[in-house]
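Asks: I'll drop the sequence and a predicted model, then ask my questions.
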Amino acid sequence: KAGVTQTPRYLIKTRGQQVTLSCSPISGHRSVSWYQQTPGQGLQFLFEYFSETQRNKGNFPGRFSGRQFSNSRSEMNVSTLELGDSALYLCASTELGGGTYEQYFGPGTRLTVT
Amino acid sequence: GESVGLHLPTLSVQEGDNSIINCAYSNSASDYFIWYKQESGKGPQFIIDIRSNMDKRQGQRVTVLLNKTVKHLSLQIAATQPGDSAVYFCAEGSGYALNFGKGTSLLVTP
């Protein structure tokens, strides 16, 4: 099976703009989670989607949003970008019902806000 | 608030030695714990997990120990190899949300 894919891999945006990142989970995986990774804060949970519904949400402002489509693909959006939003954004998918909580991560999207 | 943290930010070991990476957690309600390895330019890669009702779990060259009394988790890597050089994260989970620690950088020297 193909792994988790994320597009784009690199992105440069200007403060105040908005950005949309895309994630395609492993085939058959219905749960998709998003994380933000920065040197200072490490890996922080953003939100998790299952069957097009957000089930869990981390402690991030409302500028961070996401959605999941019927084919389990997911997008996350960040509006009114701030310099502090520069980070590696990771998407992970999980096969539910497999008796494991193992999350498979994609390579991430490196977002730079200038 | 609840947190997951690592005792050491960096660890240097010689090739062939055993490595031990430690992690402290504070959420006693966590259902499971996972160790991830992240190499430069890549996303985290699953190493091994352990449920909260277990004390020890072994994989290939790796062992995870869970001490719920002191809320401590450790990852033991046997016969450490150069390819083991990476950043290692522990994560505690409840439901499908993972709370990651800051990470420990493991450097394997020849």
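Replies: Received the coordinates, thanks.
Asks: Kindly provide the distance from B:Thr63 to B:Tyr88.
Replies: Applying C-beta to C-beta, to the nearest Å, the value for B:Thr63 to B:Tyr88 is 14 Å. Yep, even glycine has a C-beta here, placed from its N, CA and C like the rest.
Asks: More neighbours: which of those two?
Replies: More crowded of B:Thr63 and B:Tyr88, by other C-beta atoms under 10 Å in any protein chain shown: B:Tyr88, with 23 against 17.
Asks: wait, doesn't the more buried one sit right on B:Ile21?
Replies: Yes - if you go by C-beta atoms under 8 Å, B:Tyr88 and B:Ile21 touch, sitting 5.1 Å apart.
Asks: Can you work out which residues contact both of those two?
Replies: B:35, B:75, B:104, B:106 (C-beta atoms under 8 Å, 6 or more residues apart in numbering or on different chains).
Asks: Restricted to helices, list these.
Replies: Of these, none are assigned to helices by DSSP state H.
Asks: now for those residues, which pair is the farthest apart?
Replies: Spatial extent of the shared contacts of B:Tyr88 and B:Ile21 (C-beta to C-beta) is set by the pair B:Trp35 and B:Leu106 at 11.5 Å.
Asks: about what we covered before: of the shared contacts of B:Tyr88 and B:Ile21, closest to A:Gln68?
Replies: Using C-beta to C-beta, those come closest to A:Gln68 at B:Trp35, 27.2 Å.
Asks: Look up the closest residue to the closest one, ignoring the ones flanking it.
Replies: Distances taken as C-beta to C-beta, 6 or more residues apart in numbering or on different chains place B:Ile47 nearest to B:Trp35, at 4.4 Å, with adjacent residues excluded.
Asks: Next: A:Thr5.
Replies: Closest to A:Thr5 by C-beta to C-beta, 6+ apart is A:Ser24, at 4.6 Å.
Asks: Could you tell me the model confidence score at the one you found?
Replies: Model confidence at A:Ser24, given as pLDDT, is 98.
Asks: B:Asn22 against B:Val70, yeah?
Replies: No - if you go by C-beta under 8 Å, B:Asn22 and B:Val70 don't touch, sitting 10.9 Å apart.
Asks: Show me which of these two is the more surrounded one.
Replies: Neighbour count, other C-beta under 10 Å: between B:Asn22 and B:Val70, B:Asn22 has more, with 17 against 6.
Asks: Enumerate every residue touching B:Cys90.
Replies: B:4, B:6, B:21, B:23, B:25, B:33-36, B:73, B:75, B:100-101.
Asks: Tell me which of those fall in strands.
Replies: Per DSSP state E, strands hold the following members of these: B:4, B:6, B:21, B:23, B:25, B:33-36, B:73, B:75, B:100.
Asks: and of those, the nearest to chain A?
Replies: Set against chain A, the nearest of these by C-beta to the nearest C-beta is B:Phe100 (3.8 Å).
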